[in-house]
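Asks: missing the sequence, but the structure's below:
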């Protein structure tokens, strides 16, 4: 019975792996560049967002995701969509297309920051802005210390988004809104300052 059960599990796993859809992404030349022709294949699930496909393809092909979009049959795709809602078939071929700097600069989202003490503010930001740079912008907007001087005070700035937390300058400075999957619309971030004991402390004005 144990052997039969293991065989069944192995068969189901193989079916699952075989059934995992793929998308093929090709870098096509644009008016901005003569580069093109490089290709990569990205394995996806139904829940994979198209921004994850973009980031994975750009990493594999070694181009900047901030100035690239995904297209299918020459139509730009909404990067916020999950694969299941993007009307794409298994083994679809997507185009990785470079856009000019002016158009890239318009890729902004409305970001709101909720602080531990109750203060809240909003601003428009580029999708390539890091969480650390956002905190610095919100310090000016709120008139409140969010990340400045934390190391000297033995504190750690933390930002939470969608049940995931990023703590410390290194983590906050290494993640952009785009990498969080925020590429359009709005996003709500939550800020906390943690003391050396890990407990939340009240930020100062």
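Replies: Received, thanks. On a predicted model such as this, the values are computed, not experimentally measured, just so you know. Numbers count the residues shown, from 1 in each chain.
Asks: for the nearest residue to residue 146 once chain neighbours are set aside, what are its contacts?
Replies: Leaving aside its sequence neighbours, residue 146 sits nearest to residue 135 (Cβ to Cβ, 6 or more residues apart in numbering; 4.5 Å). Every C-beta, even on glycine, is put in place using the N, C-alpha and C of the backbone. Residues in contact with residue 135, defined by Cβ atoms under 8 Å, 6 or more residues apart in numbering, are 113, 146, 147, 157, 159, 172, 191.
Asks: the residues you listed in helices, which ones?
Replies: residue 172 (DSSP state H).
Asks: which single one of the contacts of residue 135 is nearest to residue 79?
Replies: Nearest to residue 79 among these: residue 159, at 21.3 Å, using Cβ to Cβ.
Asks: which ones among the contacts of residue 135 map onto strands?
Replies: Counting by DSSP state E, the contacts of residue 135 place 113, 157, 159, 191 in strands.
Asks: from residue 122, how far out is the most centrally placed residue in the chain?
Replies: Centroid check for the chain by Cα atoms, centre = their mean gives residue 179 as the closest residue, at 2.1 Å. For residue 179, the distance to residue 122 (Cβ to Cβ, to the nearest Å) stands at 21 Å.
Asks: where does the prediction get shaky in the protein?
Replies: 1-2, 4-5, 8-20, 30-36, 198, 200, 202-205 (pLDDT under 70).
Asks: now the helices for the protein?
Replies: 2-19, 50-61, 101-105, 131-142, 150-153, 168-173.
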